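Chemist: the following block contains a protein sequence and its predicted model.
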Amino acid sequence: MSDTLVLRAATCADAAVLAATIAAAFEQYRGKLVPESGAFRETADAIARELSVDFSEGGAGAIVAERNGTVVGCVMTKLEDGDLYFGRLSVLPAARGAKLAVRLIAAVENEARRRGLPGVRLGVRIALPDNQKLFHSLGYREISREAHPGFDHPTSINMRKTLG
């Protein structure tokens, strides 16, 4: 049987599998990030609500990666400051090493171009230098740093890529 990877837009019906994929992908960070990742608070109901609201009204989108019909990754998107923002970039541990994260990011960039948006944004924890290196290698540049609520020092880096 051939190995088929499909990237597609998520629907509200995907909310439960999105929540499960995000939780499984972020499990490696449990207890290692301060503050704890908000990914652990994602629920199917919250994701379904976000996906049910139009982008122009503050809703979210998502891209799902399926290998042979099974979800192996996803990424959430929303409009932010005139760009497409992505977060919760998630690849299941068993699916890692095949550049799936890079393909999901490329799909986000293609969606931003389709919408006529000038750029793509993301936030990455300062404590995750490997993730920072990945984003930098794909053309993302630091635009600011910010502190999570209750912290007096930066805990995350905001990055942006201008689309041509």
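Modeler: Everything's here; your move.

Chemist: after the lengthiest strand in the chain comes which helix or strand?
Modeler: Longest strand in the chain, counting residues (DSSP state E): strand 70-80. Counting by DSSP states H and E, the next helix or strand C-terminal to strand 70-80 is strand 83-91.

Chemist: which residues are contacting that next one?
Modeler: 21-22, 24-26, 39, 42, 65, 72-79, 100-101, 104-105, 108, 111-112, 115, 117-123, 160 (C-beta atoms under 8 Å, 6 or more residues apart in numbering). C-beta: built from backbone N, CA, C; applies to glycine.

Chemist: partners of it in the sheet?
Modeler: With DSSP bridges as the test, strand 83-91 is paired with strand 70-80 (antiparallel), strand 119-125 (parallel).

Chemist: in the lengthiest helix in the chain, what's buried?
Modeler: Longest helix in the chain by number of residues, with DSSP state H as the criterion: helix 100-114. Buried positions in helix 100-114, judged by neighbour count with 16 or more other C-beta atoms under 10 Å: 100-101, 103-105, 107-109, 111-112.

Chemist: now stretch 86-96
Modeler: So, applying 16+ other C-beta under 10 Å, buried residues of stretch 86-96: 86-92, 95.

Chemist: just the helices in this structure please.
Modeler: Going by DSSP H, the chain shows helices at 15-26, 44-52, 100-114, 129-137.

Chemist: returning to what we had before: list buried residues within the contacts of strand 83-91.
Modeler: Using 16+ other C-beta under 10 Å as the burial test, the contacts of strand 83-91 include 21-22, 25-26, 39, 42, 65, 72-79, 100-101, 104-105, 108, 111-112, 117, 119-123, 160 as buried.

Chemist: rewinding a little: kindly export the longest helix of the chain (C-alpha atoms) in CSV.
Modeler: The C-alpha coordinates for helix 100-114 follow below in CSV (Å, rounded to 0.1, in the frame of the first residue of the first chain):
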residue,chain,number,x,y,z
LEU,A,100,5.7,17.2,8.3
ALA,A,101,6.0,20.4,10.4
VAL,A,102,7.7,22.1,7.4
ARG,A,103,4.9,20.9,5.1
LEU,A,104,2.2,22.2,7.5
ILE,A,105,4.0,25.6,7.7
ALA,A,106,4.2,25.8,3.9
ALA,A,107,0.4,25.1,3.8
VAL,A,108,-0.1,28.0,6.3
GLU,A,109,2.0,30.2,4.0
ASN,A,110,0.0,29.1,1.0
GLU,A,111,-3.3,29.9,2.8
ALA,A,112,-2.0,33.4,3.7
ARG,A,113,-1.1,34.0,0.0
ARG,A,114,-4.5,32.7,-1.1
